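>>> With the sequence up front, the predicted model follows.
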Amino acid sequence: MRWIRYTDQTGTHYGQLEGERVRRVDGTPFDAWTATDELTTLDRVRLEVPVVPRTFYCAGLNYAAHAIEAARKQGQEPRLPKHADIGYRANNALVAHGDNVIIPADARTVHYEGELVVVIGKQARHLAPEQALDCVLGYTIGNDVSERNWQRSDRTFWRAKNTDTFKPMGPWIDTGFDPAHARTRVSVNGVPKTEFPTGAMIYDVQTFISAMSRYLTLWPGDVIWMGTDGASPDLRGGDVVEIEITGLGTLRNTFVQEQ
């Protein structure tokens, strides 16, 4: 099942995607809901981010090639993480599929990061790895846009990772997706740039959820961005970035230079 969050002339709703049609739902996928008889088409609604998370988690350096590349650019020996290492992002940076990403006027080195996003569906604490997927509603796609100069110079990632519009997410939540054999492909202006096996993580979804739930309560609607592999070219105003995860969908956003 694919859940979308959308806005039409009557307000913002959750719906279930049926091909190119959307069936409105009373309620949300995180609590009681009822499918209605109200149908519309995708081209008549505005897609919103599929969930506004209570807590926005992100994995750090969770693919080997990306960790090695990041270390090389800093003139350091690569050190792969010894355990599942989690961080946070800010909701102010979220934008939907199709929305513009604004490159600030003083930004110099802006990169994409195509990521699998886990959407939590049930409250969870103290889960063993073999139980961890029981709390997952489904998956969506994220673009962890990053300004590398700020990332190196700022004590925290407050603007390098969390500038307004730097976190596109969508287009929907797929409850039946399995990342094990999927591939993540990123293109810029229709030209392929990055491709990697989605499931080739240093630490998988189960490991992260189990480790996190030892200390943190996971709540319905929380999201966990699972990291990226490969390297991005420098992005410029007018670039269109598409992140496809096979079997899950495509997240597309245009980058616009602030004047």
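Nice, thanks for sending it over.

>>> For the stretch 51-200 of the chain, which residues score under the pLDDT cut-off?
71, 73-74 (pLDDT under 70).

>>> That one: helices as residue ranges?
With DSSP state H, counting those that start in this stretch, the ranges of helices along the stretch 51-200 of the chain come out as 64-73, 148-153.

>>> what does stretch 118-128 contact?
29-30, 50-51, 134-140, 173, 205, 208-210, 213-214, 216-226 (Cβ atoms under 8 Å, 6 or more residues apart in numbering). Where C-beta positions appear, they are placed from N, C-alpha and C, glycine not excepted.

>>> at 7 Å instead, please
29-30, 51, 135-140, 173, 205, 209-210, 213-214, 217-224, 226 (Cβ atoms under 7 Å, 6 or more residues apart in numbering).

>>> picking up where we left off before, out of the helices of the stretch 51-200 of the chain, flag the one nearest residue 11.
Of all these, helix 148-153 sits nearest to residue 11, with 36.8 Å by Cβ to Cβ.

>>> Which positions in the closest one come out as buried?
Neighbour counts over helix 148-153 (16 or more other Cβ atoms under 10 Å) mark 148, 150, 151 as buried.

>>> Repeat that for stretch 59-73.
59, 61, 62, 63, 64, 66, 67, 68, 69, 70.

>>> need those in a markdown table with distance to residue 181, can you?
What follows is the buried residues of stretch 59-73, written out as a markdown table (distance: Cβ to Cβ, whole Å):
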| residue | distance to residue 181 |
| --- | --- |
| 59 | 20 |
| 61 | 23 |
| 62 | 18 |
| 63 | 16 |
| 64 | 19 |
| 66 | 20 |
| 67 | 23 |
| 68 | 24 |
| 69 | 24 |
| 70 | 26 |
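
>>> Can you tell me which of those is nearest residue 198?
Out of these, the member with the shortest distance to residue 198 (by Cβ to Cβ) is residue 63, at 9.7 Å.

>>> Quick check: chain neighbours aside, which residue is closest to the closest one?
In space, and not counting its chain neighbours, residue 63 is closest to residue 229: 3.5 Å by Cβ to Cβ, 6 or more residues apart in numbering.

>>> The one you found - that's part of a helix, no?
No. According to DSSP: H, G, I helix; E, B strand; the rest coil, residue 229 belongs to no helix; its state is coil.

>>> residues near it, how many?
24 (other Cβ atoms under 10 Å).

>>> where's it relative to residue 30, distance?
30 Å (Cβ to Cβ, to the nearest Å).

>>> what's the burial count for residue 93?
Neighbourhood size, residue 93 [other Cβ under 10 Å]: 20.

>>> My guess is residue 199 contacts residue 177. True?
No. Residue 199 lies out of contact with residue 177 (Cβ atoms under 7 Å); the separation is 11.3 Å.

>>> Please say which of the two ends up with more neighbours.
residue 177 (20 against 16).

>>> mind listing what that one touches?
So residue 177 contacts 138, 139, 247, 248 (Cβ under 7 Å, 6+ apart).

>>> And the second one, how far from residue 166?
Yep, that's residue 139 we're talking about. 21 Å.

>>> domains of this structure?
1-46, 49-257 (automatic domain parsing).

>>> and the end-to-end length of stretch 166-184?
19 Å (Cα to Cα, to the nearest Å).

>>> let me fix that: stretch 207-219
17 Å.

>>> In the stretch 1-150 of the chain, what residue spans correspond to strands?
For the stretch 1-150 of the chain, the strands defined by DSSP state E, counting those that start in this stretch cover 2-8, 11-18, 21-27, 33-41, 46-47, 56-59, 86-88, 94-96, 100-103, 110-111, 114-120, 136-143, 146-147.

>>> Check which helices and strands the fifth one is in contact with.
When contacts are defined as 3 or more Cβ pairs under 7 Å, 6 or more residues apart in numbering; DSSP states H and E, strand 46-47 sits against strand 2-8.

>>> Give the buried residues for the strand it packs on.
Of all the residues in strand 2-8, those buried under the rule 16+ other Cβ under 10 Å are 2, 3, 4, 5, 6.

>>> Measure how buried residue 188 is and give me the count.
Burial of residue 188 is recorded as 18 neighbouring residues (other Cβ under 10 Å).

>>> That concludes my questions; thank you for your assistance.
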